[in-house]
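In: Let me see the structure of the following:
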Amino acid sequence: MDEQVPLSNLRNIGIMAHIDAGKTTVSERILYFSGKTHKLGEVHDGAATMDWMVQEQERGITITSAATTTSWRDHRISVIDTPGHVDFTAEVERSLRVLDGAIALFCAVGGVQPQSEQVWRQSEKYNVPKIAFINKMDRVGADFFGVVEEIQNILGANAVPVVVPIGAEDTFSGIIDLVKMKAVYYNEADRGRTWSEEEIPADKIEKARKWRANLVEKCAEQCDTLLEKFLETGDLSEEEISSIIRKATIARRVIPVYCGSAFKNKGIQRLLDGIVDYLPSPADIPPVIGQVGEGEVHRAHSAEEPFSALAFKIMSDKHMGKLTYMRVYSGKINAGTVVYNSTQQKEQRIGRLLRMHANRQESIESAQCGDIVAVVGLQHTKTGDTLCCVDNPILLESIEFPSPVMSISIAPESRADDEKLGHALHALADEDPTFVVGFDDETKETIISGMGELHLEILVDRMKREFGVAAKIGRPEVAYRETGTTDSDGQYKHVKQSGGRGQYAHVCLKLEPLDPGQGFEFVNEVRGGRIPQQFIPAVEKGVVKAMTKGPVAGYPVVDMRVTVYDGTYHEVDSNEFAFIEAARAGFAQLFLETRPELLEPVMSVEVVTPEEFMGSVSGSICQRRGRIESMDEQGEYKVVRGFVPLSEMFGYANTVRTISQGRASFTMHFEHYEAVPFALAEEIVAKRKEAKKV
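Out: From the prediction side, this is the model:
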């Protein structure tokens, strides 16, 4: 499928949702009904095309975002199936960065769930146009219109149904297409693989007219000319409705809503029509903005422009080596071409170009604007790097990833595994920007950090299976932080004389706490040459160095403003190193005067449980220093939402299974940092100091 198609006939889309909303099942149906695959693979059988990793097949969840390409109505559609679990949020982040549109998937019973909100926020950050698909309409408790209301109220989106369901739960038999005003029925005999378009039944016509009027009204609001026609005639034509929905969807003013049951093969063909009809092609997206030197440049999505692309994912393949996934934003590239990595400032040669189908590859000779392809040969390219023409360099905006919240120590089981462990850690850190490898000089341990227990568990499992590394794991560590609570002001003089040329630096610093989440701010208020300007960066460097390991317990310091306002220097003995040391020691000294406190990551937790286990679930959250925010109903189930410190959540999956006889489930994601209670903070600091002695 390496023939080039017109830019207007390309669609680059992702499927995003809360865990277990049915993303992979929907992607399987898209591939099946578009003719890409000839057999339906089910998630529960471990046979889904897009869940190709062993870990995904065993657990029945998506771990890595898988890309594939299919076609529908002469349009080429690149689909990326993203994970729903919060531990793999980086996969969603990097996918949304390079996609033109997305399908936001919602469970007809669960509605807008915590991770639904998280991925929605991520898509809004990158201005991604979306259509919504309400899945699992055949399940007990399915409520299409309730979910539409939640999308409007919770997500603040202008959700407009373009289809409505015929029946719900076990009576769900089809949909009414409000644009064509036709009823679509799915054949139960072949489990929905075939369908028929019929006139809307008499008992459903009133409901259809009501929601058709809502659709037409929402469309008319988007265009003054159509609004006039609507006020005169009370209706719009099918072509006018489709045209304005497309424009409003691309402008992110409307979210068209579809529904169906992916597992029962209902509603997928209409969803494919929606992808083609309403989601943007690369030609509909504004030009990409990049940096050239100090200036800004706009590159149109055109094959005639100079080549530019963003590397958004790295993957290790045991047969091909390192694969770099890239989205081509402008121009055209051929296999064997030399490109310029403007992020690393290195020239590299593209070996082979591949179009991916999950973990299978298809060689192609060239890629052009709008394509999402994999490349062999870019050994020095990392996630977020820009690739461009040697003669027309450009630097595109990179991808920001959240910081890890959990750490464990890791060591090889034998000396023979030592070298293999280093190779495995390097390869996995290359692939996953939220997986960080470090070394603790005091404990002499290798520390790996990630987004949660499951994230680290999967990575350790991959080391064993893919790299053949047997490793010993230490207990999980929480990524605590330190911050000040009051202002502090003082000075520090670094003086060292050793016979020859000495060291001299004198700084006056002011420390002020910032609001949570503000990070670090450095302010230079030195006037009159008291400290030469060439030494000011050294002062900042010294402060940053001190903040990486706070003086209370050795955790990073956050949310502080540091102002250097005075000082002195010596014409002979002052140098950069002296000012780094003065600032480092000065900060450490003054920080202890700010009444520092320890901060811990707090997770937003949602437990879905049968009613009879509500008391046990609520008690388990309170026992973990949690606070319950709400208790709601979700069909036959109850939903308990609250906030719990991450340090108390280790092993909670087993606890939930035990107290609910395996019938409850929970999800959690990082919410914010909060101060640790004083008594507990003292205990943590004491343990930290004891560990350093050992």
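In: only C-alpha atoms for contact and neighbour calcs from this point on.
Out: Fine.
In: residues near D190, how many?
Out: Other residues near D190 come to 11 when the count uses other C-alpha atoms under 10 Å.
In: And it, how far from K182?
Out: 22 Å (C-alpha to C-alpha, to the nearest Å).
In: so how far is R561 from H494?
Out: Here H494 is placed at a distance of 22 Å from R561 (C-alpha to C-alpha).
In: again with S407
Out: Spatial separation of S407 from R561 under the definition C-alpha to C-alpha is 27 Å.
In: These two: which is more packed in?
Out: When neighbours are counted by other C-alpha under 10 Å, S407 comes out ahead of the other of S407 and R561, with 24 against 18.
In: Quick one: residues contacting that one.
Out: Counting by C-alpha atoms under 8 Å, 6 or more residues apart in numbering, S407 makes contact with I447, I448, S449, G450, P476, E477, V478, A479.
In: Among those, which one has the most neighbours?
Out: When neighbours are taken as other C-alpha under 10 Å, the top entry among those is G450 (26 neighbours).
In: I'd assumed F435 was in contact with that residue.
Out: Yes - contact status for G450 versus F435: in contact at 4.9 Å, counting by C-alpha atoms under 8 Å.
In: Identify the contacts common to the two.
Out: P404.
In: The stretch 51-200 of the chain: strands as residue ranges?
Out: Under the criterion DSSP state E, counting those that start in this stretch, the stretch 51-200 of the chain carries strands at the ranges 66-72, 75-81, 101-107, 130-135, 159-161, 163-166, 174-177, 182-186, 195-198.
In: Could I get the ones you listed in TSV, plus columns for mean pLDDT, mean neighbour count and distance to A213?
Out: Rendered in TSV, the data for these read as follows (pLDDT from 0 to 100; neighbours: other C-alpha atoms under 10 Å; distance: least, C-alpha to C-alpha, whole Å):
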stretch	mean pLDDT	mean neighbour count	distance to A213
strand 66-72	85	22	29
strand 75-81	88	24	30
strand 101-107	94	26	24
strand 130-135	96	27	20
strand 159-161	95	24	11
strand 163-166	95	23	12
strand 174-177	94	25	13
strand 182-186	92	21	15
strand 195-198	89	14	20
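In: among those strands, which is nearest A675?
Out: Ranking these by their distance to A675 (criterion: C-alpha to C-alpha) puts strand 101-107 first, at 34.7 Å.
In: Residues touching that closest one, excluding its own?
Out: When contacts are taken as C-alpha under 8 Å, 6+ apart, the neighbours of strand 101-107 outside the stretch itself are 11-18, 21-23, 96, 112, 116, 120, 128-137, 147, 279-280.
In: what lines up beside the lengthiest strand in the chain in the sheet?
Out: Looking across the chain with DSSP state E, the single longest strand is strand 597-610. When pairs are called by DSSP bridges, strand 597-610 turns out to pair with strand 481-483 (antiparallel), strand 637-645 (antiparallel), strand 665-675 (antiparallel).
In: quick check: mean pLDDT across stretch 673-689?
Out: Per-residue pLDDT over stretch 673-689 has a mean of 85.
In: Please pull out the lowest mean pLDDT helix or strand from the protein.
Out: Taking mean pLDDT, DSSP states H and E as the measure, the chain has helix 54-59 as its least confident helix or strand, at a mean of 57.
In: just to revisit the earlier point, could I get the strands paired with strand 597-610 as a markdown table with distance to N265?
Out: Rendered in a markdown table, the data for those read as follows (distance: least, C-alpha to C-alpha, whole Å):
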| stretch | distance to N265 |
| --- | --- |
| strand 481-483 | 49 |
| strand 637-645 | 26 |
| strand 665-675 | 26 |
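In: Export those as a markdown table, with columns for mean neighbour count and distance to Q152.
Out: What follows is these, written out as a markdown table (neighbours: other C-alpha atoms under 10 Å; distance: least, C-alpha to C-alpha, whole Å):
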| stretch | mean neighbour count | distance to Q152 |
| --- | --- | --- |
| strand 481-483 | 26 | 37 |
| strand 637-645 | 21 | 20 |
| strand 665-675 | 18 | 23 |
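In: G146 - how many residues pack around it?
Out: Using other C-alpha under 10 Å, the number of residues around G146 comes to 14.
In: So it versus V109, what's the distance?
Out: G146 sits 9 Å away from V109 when distances are taken as C-alpha to C-alpha.
In: can you check K210 too?
Out: Using C-alpha to C-alpha, K210 is found at 23 Å from V109.
In: These two: which has the busier surroundings?
Out: Set K210 next to V109 and count neighbours by other C-alpha under 10 Å: V109 wins out with 25 against 11.
In: Quick check on the nearest residue to P287 once chain neighbours are set aside: phi, psi?
Out: On the basis of C-alpha to C-alpha, 6 or more residues apart in numbering, the spatially nearest residue to P287 that is not a chain neighbour turns out to be A300, at 4.4 Å. For A300, the backbone dihedrals are phi -70, psi 150 (criterion: degrees, to the nearest 10).
In: got the contact list for A300?
Out: For A300, the contacting residues are P286, P287, V288, S330, by C-alpha under 8 Å, 6+ apart.
In: Scan the residues you listed and report the most crowded one.
Out: Of those, with other C-alpha under 10 Å as the count, S330 tops at 25 neighbours.
In: what residues are up against it?
Out: Each residue near S330 by C-alpha under 8 Å, 6+ apart is listed here: 299-309, 368-370.
In: pLDDT value on T443, please?
Out: On pLDDT, T443 comes in at 58.
In: got it, and I350?
Out: Confidence score, pLDDT, at I350: 90.
In: How about the secondary structure of the closest residue to it other than its chain neighbours?
Out: If you skip the residues right next to it in sequence, I350 has G336 as its closest partner in space, 5.1 Å away by C-alpha to C-alpha, 6+ apart. Here G336 takes the coil state, with states given by DSSP: H, G, I helix; E, B strand; the rest coil.
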